[in-house]
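1. mind folding the following:
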Amino acid sequence: MMLKDIPNDSDQLNISRCCSDLQVSRSGFYAYMRQDQISPPDDPKMKIKSEIENIVLDFPRYGYRRVKIELNRRGSKVNHKVVYDIMKENDLLCNKKQFVPRTTDSEHNLPVYPNLTKDMPVTGINQYWAADITYIRLEKEFIYLAAIIDVFSRKCIGWKLGRDIDAKLAVAALDMALSNRKGTDISNLIHHSDQGVQYASLEYVSRLKEKGIRISMSRRGNPYDNAYAESFFKSFKYEEVYLWEYETFDVAHKNIKKFLEIVYNRKRVHSSLGYVTPEEFEKSEEVLNRKVS
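-> Predicted coordinates:
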């Protein structure tokens, strides 16, 4: 049953029962009826609003992005800005406060390093790796993704998903990156990260120094110093994480592995690379004398 299915000529008892079944107030029903009476019957915006109301009744925790996706699934093609505006105007946004875990703990006494990447020209692979950690919300817990991208090609060359946000998580992503770049020259490589305790840890710093990799870190609290990693995670969240409701770690791992290793690296074109994929960009002879902006 939907709001529009409640007959407006019902007696008060039937209206009360219908509203109770739909978990809406009678005042809300009457407001809906008044609005319906003064709106043109073929008003596209009112049709979208009605569909949004039905989705929110079915999925009260959906934000506007998931509502937009559900609208598309139901055959209504509408962009996220329109959905957001309608939901905001009609007090349908899900504004619950949620705990957001910290992924960067810079309050430590470990040595930190200066930023070596400012205005740095990048002309090939293994010159500038950017590393960072983000969180992912599951149904009952948070998990964490450590990732390393090669700034030249924007390719994700190392990643690790885990339940604990510690140095072992970051080191595992670094080990994958080193393994994937085995046999290539890393003698001029700079590794850039924030000043988080994971990247400043003795274990992580030692691994970098063993390989002769120079260490670079962002200024504290300045996300622009690690803009490439921030941009990567933004794409990752919007194109993968926000589209799904991962219930378990295994489901999240399977989806994320597919996105990073197949979709992002091999299929997704990047405007900054001339609309080719990271793997295509690295293999192209045309990139030999090209600088990354």
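
2. what does the helix or strand residue 232 falls within rub up against?
-> Of the helices and strands defined by DSSP states H and E, residue 232 is found in helix 227-239. When contacts are defined by CB atoms under 8 Å, 6 or more residues apart in numbering, helix 227-239 is touched by residues 130-132, 134, 145, 147, 149, 151, 154, 156, 193, 223-224, 259-260, 263-264, 268. For every residue, glycine as well, the C-beta is placed using N, CA and C.

3. contact partners for residue 278?
-> When contacts are counted by CB under 8 Å, 6+ apart, residue 278 is found next to 150, 153-156, 264-266, 270.

4. roughly how far does it sit from residue 167?
-> Taking CB to CB, to the nearest Å as the measure, residue 278 falls 27 Å from residue 167.

5. show me what contacts the nearest residue to residue 218 once chain neighbours are set aside?
-> Setting aside the residues directly before and after it, residue 218 is nearest to residue 225 in space (CB to CB, 6 or more residues apart in numbering), at 3.3 Å. For residue 225, the contact set (CB under 8 Å, 6+ apart) comprises 115, 117-118, 194, 218-219.

6. go with 7 Å
-> 115, 218-219 (CB atoms under 7 Å, 6 or more residues apart in numbering).

7. between those, identify the one with the most neighbours.
-> Neighbour tally across the contacts of residue 225 (other CB atoms under 10 Å): the maximum, 27 neighbours, falls on residue 218.

8. just the pLDDT for that one.
-> Residue 218 carries a pLDDT value of 91.

9. now do the SS call for residue 87.
-> Assigned with DSSP: H, G, I helix; E, B strand; the rest coil, residue 87 falls in the helix class.

10. is it in contact with residue 51, as I believe?
-> No - distance between residue 87 and residue 51: 11.6 Å, which falls outside the contact criterion (CB atoms under 7 Å).

11. that older thread, of the contacts of helix 227-239, buried ones?
-> Applying a neighbour-count criterion of 16 or more other CB atoms under 10 Å, the buried members of the contacts of helix 227-239 are 130-132, 134, 145, 147, 149, 151, 154, 156, 193, 259-260, 264.

12. format those as JSON lines; extra columns: secondary structure, distance to residue 206 and pLDDT.
-> As requested, the buried ones among the contacts of helix 227-239 are exported to JSON lines (DSSP: H, G, I helix; E, B strand; the rest coil; distance: CB to CB, whole Å; pLDDT from 0 to 100):
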{"residue": "130", "secondary structure": "strand", "distance to residue 206": "20", "pLDDT": "97"}
{"residue": "131", "secondary structure": "strand", "distance to residue 206": "15", "pLDDT": "97"}
{"residue": "132", "secondary structure": "strand", "distance to residue 206": "20", "pLDDT": "96"}
{"residue": "134", "secondary structure": "strand", "distance to residue 206": "24", "pLDDT": "95"}
{"residue": "145", "secondary structure": "strand", "distance to residue 206": "23", "pLDDT": "97"}
{"residue": "147", "secondary structure": "strand", "distance to residue 206": "21", "pLDDT": "98"}
{"residue": "149", "secondary structure": "strand", "distance to residue 206": "22", "pLDDT": "98"}
{"residue": "151", "secondary structure": "coil", "distance to residue 206": "23", "pLDDT": "97"}
{"residue": "154", "secondary structure": "coil", "distance to residue 206": "28", "pLDDT": "96"}
{"residue": "156", "secondary structure": "strand", "distance to residue 206": "24", "pLDDT": "98"}
{"residue": "193", "secondary structure": "strand", "distance to residue 206": "15", "pLDDT": "96"}
{"residue": "259", "secondary structure": "helix", "distance to residue 206": "31", "pLDDT": "96"}
{"residue": "260", "secondary structure": "helix", "distance to residue 206": "26", "pLDDT": "97"}
{"residue": "264", "secondary structure": "helix", "distance to residue 206": "30", "pLDDT": "97"}
